[in-house]
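>>> heads up, no residue letters with this:
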């Protein structure tokens, strides 16, 4: 197991009289949020212990994980970096989407134990990770800093330390492009103490400083220096330092439990938020403790969440706080520490001790990948006898009022110039939408099921936005992404086929517009008699209203209006059926049939007389038939 977070010796302490301590259980979720989706990502590892300790969101909307592996690599344990990226997929029903898939992973280390506790994406697009090494360096363990490029290729590595045990727990990149590592050392002092190391962009040591506390577990950079979350045996600690390493303020806050570990510090507008765990003994059940202090270190408030200990806390985009730790807990608070969401994601149906012992789960870091979308990383076991594996979990939430729209992020195209005409359109939505559509250059009429291709784009400048609608009708929009197409390939305009109306005559108000296009387009419209262009959709019947007279219908389709193909038909409509009959030239029709000489007044008179006489004869015949007697047979006497 890693030893980045030290559980010190037992001691007793009392809460200071200025504390406002609110005890909250984490087994009943608050209702400020409602779940959208949650689920575990794939577990990574092999037949021996593996663990995740840190993760960050990367510039390609992927994730970078770090920790250690005993299943792979060179020795007892190796530093482990694993990169994921969004990958498109198509389901059997034709629906498409994207998910995080492993892109690369590397192990770094030697014949002994090596591990990472913190990872960041550096300003050059690569990654830096820190932790400890027992394979290299000067002593039992040394601080270890490694740098890899965006493809995961090792660029350099450095060790810092002496004859004793030294390790880093957290890493940031400084404003000058260098790195700041925080952790602990006992190489140059009699007991373990907090330690900070400052390097340049190549990892060369610039200065280092030890200060009070058993370890520094977290750091936040401010314009005038740095602030550290410092661990003491029974208290939370806070220390500030200027950019040259000169110690400023040092404060301690006695914990409500007998033991404590300060894990995280976050900067807020008027001070700091500090979080960690506290408990009655080093091996028992811990509680989460969250404190808010002023910029001068004065305690403003504290909150205690019972039953789970926190290993990481961040400030959210809405000003509240997100914490994670034991049992894959996710605790969300408002800016005053009030509970908005508190849920356990370890799969335990209740507070089952046997289950927790058999399937333990610990999350070490949480990030807010997008508003109300959280990703946690840590380790878990699948059985009592099983090995630990690196695991991660993501949770998407909405406000209780269900008014938060989906979060949409375009991953392709990029803001660049393309030499091909077919450009992939891929994107990520943080929840399952009820509808997705996109707008290309402001034309908003293309509905899609998922990732698609912007096909056959003519040369020019484009801007694309993807929209997603959730089940509550909230619409989320992606970034407005601009790109250019400059291709030497021949451009072929879309071919439009008008299937209805055809060339002919129709009754007003009963016409149907139906057309098809031989390629996917972002814009289509029709125009009647050179009037304004009205939006239309291929392969969908639309009622076409016209007045009487001759008309010309033109249908356009293309990725843009300027590059559209078109087709036209002409047709005639009548006001009513009466108008049709009144417009018929009877003599012309009869002449066409060769009957015009028969239909004269004399002929009509003869026909009428013939009809009258025939009717009279039929009537008389019927009358006489009814008056003729019927002769009875002899048997009828």
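Structure's in. What do you need? This is a predicted model, so every value here is computed, not measured.
>>> For the stretch 101-250 of the chain, which segments count as strands?
For the stretch 101-250 of the chain, the strands defined by DSSP state E, counting those that start in this stretch cover 114-121, 127-133, 142-148, 154-160, 166-173, 179-185, 193-199, 205-211, 215-222, 225-231, 235-241, 247-254.
>>> Can you check which of these gets nearest to residue 335?
Ranking the strands of the stretch 101-250 of the chain by proximity to residue 335 (Cβ to Cβ) places strand 215-222 first, at 16.9 Å. C-beta coordinates here come from the backbone N, C-alpha and C atoms, glycine included.
>>> packing partners for the closest one?
strand 166-173, strand 179-185, strand 193-199, strand 225-231, strand 259-268 (3 or more Cβ pairs under 8 Å, 6 or more residues apart in numbering; DSSP states H and E).
>>> can you redo those as a markdown table with distance to residue 497, mean pLDDT and mean neighbour count?
A markdown table is the format used below for the helices and strands packed on strand 215-222 (distance: least, Cβ to Cβ, whole Å; pLDDT from 0 to 100; neighbours: other Cβ atoms under 10 Å):
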| stretch | distance to residue 497 | mean pLDDT | mean neighbour count |
| --- | --- | --- | --- |
| strand 166-173 | 58 | 97 | 26 |
| strand 179-185 | 63 | 98 | 26 |
| strand 193-199 | 67 | 97 | 23 |
| strand 225-231 | 68 | 97 | 25 |
| strand 259-268 | 61 | 92 | 24 |
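>>> Let's have those strands in TSV, adding distance to residue 206.
Supplementary listing: the helices and strands packed on strand 215-222 in TSV, determined by distance: least, Cβ to Cβ, whole Å:
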stretch	distance to residue 206
strand 166-173	14
strand 179-185	10
strand 193-199	5
strand 225-231	14
strand 259-268	22
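>>> between the ones you listed, which one is nearest to residue 114?
Counting by Cβ to Cβ, residue 114 lies closest to strand 166-173 out of those; the figure is 10.7 Å.
>>> just checking, what packs against the closest one?
Packed against strand 166-173, as judged by 3+ Cβ pairs under 8 Å, 6+ apart, are the following elements: strand 114-121, strand 127-133, strand 142-148, strand 179-185, strand 215-222.
>>> Tell me which strands that strand pairs with, and in which orientation.
According to DSSP bridges, strand 166-173 has the following sheet partners: strand 179-185 (antiparallel).
>>> where does the partner strand sit relative to the chain's centre, distance-wise?
33 Å (Cα atoms, centre = their mean, to the nearest Å).
>>> which stretch among the strands of the stretch 101-250 of the chain comes nearest residue 485?
Across those (criterion: Cβ to Cβ), the nearest stretch is strand 114-121, sitting at 29.9 Å.
>>> what's next to the closest one, contact-wise?
2, 4, 53-56, 58-59, 64-68, 75, 77-81, 108, 127-136, 144, 146, 167-173, 183 (Cβ atoms under 8 Å, 6 or more residues apart in numbering).
>>> hang on, the earlier thing: tabulate the strands of the stretch 101-250 of the chain (CSV), appending distance to residue 500.
As requested, the strands of the stretch 101-250 of the chain are arranged in CSV below (distance: least, Cβ to Cβ, whole Å):
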stretch, distance to residue 500
strand 114-121, 56
strand 127-133, 59
strand 142-148, 61
strand 154-160, 64
strand 166-173, 63
strand 179-185, 68
strand 193-199, 72
strand 205-211, 76
strand 215-222, 66
strand 225-231, 71
strand 235-241, 75
strand 247-254, 77
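>>> Pull up the gap between the residue positioned nearest the centre of the chain and residue 365, please.
The centroid of the chain falls nearest to residue 430 when counting by Cα atoms, centre = their mean (2.8 Å). Spatial separation of residue 430 from residue 365 under the definition Cβ to Cβ, to the nearest Å is 19 Å.
>>> same question, residue 143
As it turns out, when the distance is counted by Cβ to Cβ, residue 143 lies 19 Å from residue 365.
>>> Determine which of the strands of the stretch 101-250 of the chain approaches residue 392 most closely.
strand 114-121 (13.1 Å).
>>> Pull the distance from that closest one to the chain's centre.
For strand 114-121, the gap between its own C-alpha mean and the chain's C-alpha mean amounts to 25 Å (Cα atoms, centre = their mean).
>>> That one - which strands sit beside it in the sheet, and in what orientation?
Strands flanking strand 114-121 in the sheet, each with its direction: strand 127-133 (antiparallel) (DSSP bridges).
>>> ok so, going back, okay, the helices and strands packed on strand 166-173, which one's buried deepest?
Per-stretch averages of neighbours, counted by mean count of other Cβ atoms under 10 Å, single out strand 127-133 among these, with a mean of 28.
>>> I'm done for today, thanks for sticking with me.
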